[in-house]
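Novice: My questions are about this predicted structure, shown below with the sequence.
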Amino acid sequence: MAAPLELSCWGGGWGLPSVHSESLVVMAYAKFSGAPLKVNVIDNTWRGSRGDVPILTTKDNIVSQPAKILNFLRKQKYNADYELSARQGADTLAYIALLEEKLLPAVLHTFWVENDNYFTVTKPWFASRIPFPLSLILPGRMSKGALNRILLTRGEPPLYHLREVEAQIYRDAKECLNLLSHRLGTSQFFFGDMPSTLDAYVFGFLAPLYKVRFPKVQLQEHLKQLSNLCRFCDDILNSYFRHSLGDG
């Protein structure tokens, strides 16, 4: 019998199994590939220290970061991409790179940097799942980490450049959403009738943006105008996560 696979991740809300993009990527891929994950949702008894989830634990391995976790699952024969052609595999890598460069900075900004969103939604939500006194420290640290990640993708040095790059971040993200919408078209998934790695990434990045109720929603408003992307998120939630949805 295979060693059990346990995933530690942030939990759900607003009709999502997780509100955290990188946790969602792994959860969706596991559903698509049939990997039997036992999901351990972080709560206020959590013993971690840095918020660096998702983390996959097996008898012999601890793996973090979505790309590394997905590679590990593929080596265990849980492969959502086995029907893809070489060209589709190359397209997958290109689109994931695009998502991380063009869309992720705006998702991080929406959650962790935009003041109204951070103080009214993100910080209270995450703090409520982190044990005291870490709950006083970790959300701020995660916010700072998100900001650094945004600036890294922009190649901008110190923090005072953020206002200058903010408009560009959202322009890039909207262009990326438009491109994804055009690529998906009327298909159920990005490569036809079966979900793959690319679908897991797109779902992980889009679903929190689509579902979480923020006071500042400029990117959310744009996404909601792209009905095929919203349908894509809803279909995955209904087909794969109906029995594991969190409250919000």
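Specialist: Alright, I've got the coordinates.
Novice: least trustworthy helix or strand in the protein by mean pLDDT?
Specialist: helix 134-154 (a mean of 88; mean pLDDT, DSSP states H and E).
Novice: what packs against that one?
Specialist: Contact here means 3 or more C-beta pairs under 8 Å, 6 or more residues apart in numbering; DSSP states H and E; on that basis helix 134-154 packs against helix 104-108, helix 123-127, helix 162-184. (Glycine included, C-beta is placed from N, CA and C.)
Novice: which element follows the first one toward the C-terminus?
Specialist: Translated: helix 104-108. On the C-terminal side of helix 104-108, the nearest following helix or strand under DSSP states H and E is helix 115-117.
Novice: returning to what we had before: figure out which of the helices and strands packed on helix 134-154 is closest to Ile62.
Specialist: helix 123-127 (22.1 Å; C-beta to C-beta).
Novice: what's the distance between that closest one and the middle of its chain?
Specialist: Distance of helix 123-127 from the chain centroid (C-alpha atoms, centre = their mean, to the nearest Å) equals 17 Å.
Novice: With stretch 62-71 instead?
Specialist: The answer for stretch 62-71 is 13 Å, by C-alpha atoms, centre = their mean.
Novice: CA atoms of that stretch as CSV?
Specialist: Output in CSV follows, covering the C-alpha atoms of stretch 62-71 (Å, rounded to 0.1, in the frame of the first residue of the first chain):
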residue,chain,number,x,y,z
ILE,A,62,8.4,16.8,3.0
VAL,A,63,7.8,18.8,-0.2
SER,A,64,6.8,22.5,-0.4
GLN,A,65,6.0,24.8,-3.3
PRO,A,66,3.3,23.9,-5.8
ALA,A,67,5.6,23.0,-8.8
LYS,A,68,7.7,20.7,-6.6
ILE,A,69,4.6,19.1,-5.1
LEU,A,70,3.1,18.5,-8.5
ASN,A,71,6.4,17.0,-9.8
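Novice: buried set for it?
Specialist: By 16 or more other C-beta atoms under 10 Å, the buried positions in stretch 62-71 come out as 63, 66, 69-70.
Novice: Tabulate the CA atom coordinates of the least confident helix or strand of the chain in PDB.
Specialist: What follows is helix 134-154, C-alpha atoms only, in PDB (Å, rounded to 0.1, in the frame of the first residue of the first chain):
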ATOM      1  CA  LEU A 134       2.100  34.300  16.100                       C
ATOM      2  CA  SER A 135      -1.200  35.700  14.800                       C
ATOM      3  CA  LEU A 136       0.100  39.100  15.700                       C
ATOM      4  CA  ILE A 137       3.200  38.700  13.600                       C
ATOM      5  CA  LEU A 138       2.700  36.300  10.800                       C
ATOM      6  CA  PRO A 139       0.100  38.200   8.700                       C
ATOM      7  CA  GLY A 140       2.400  41.200   8.600                       C
ATOM      8  CA  ARG A 141       5.300  39.100   7.600                       C
ATOM      9  CA  MET A 142       3.200  37.400   4.900                       C
ATOM     10  CA  SER A 143       2.200  40.900   3.600                       C
ATOM     11  CA  LYS A 144       5.800  42.000   3.500                       C
ATOM     12  CA  GLY A 145       6.700  38.800   1.700                       C
ATOM     13  CA  ALA A 146       4.000  39.400  -0.900                       C
ATOM     14  CA  LEU A 147       5.200  42.900  -1.400                       C
ATOM     15  CA  ASN A 148       8.800  41.700  -2.000                       C
ATOM     16  CA  ARG A 149       7.600  39.100  -4.400                       C
ATOM     17  CA  ILE A 150       5.600  41.700  -6.400                       C
ATOM     18  CA  LEU A 151       8.600  44.000  -6.600                       C
ATOM     19  CA  LEU A 152      10.900  41.100  -7.600                       C
ATOM     20  CA  THR A 153       8.700  40.300 -10.600                       C
ATOM     21  CA  ARG A 154       8.800  44.000 -11.600                       C
END
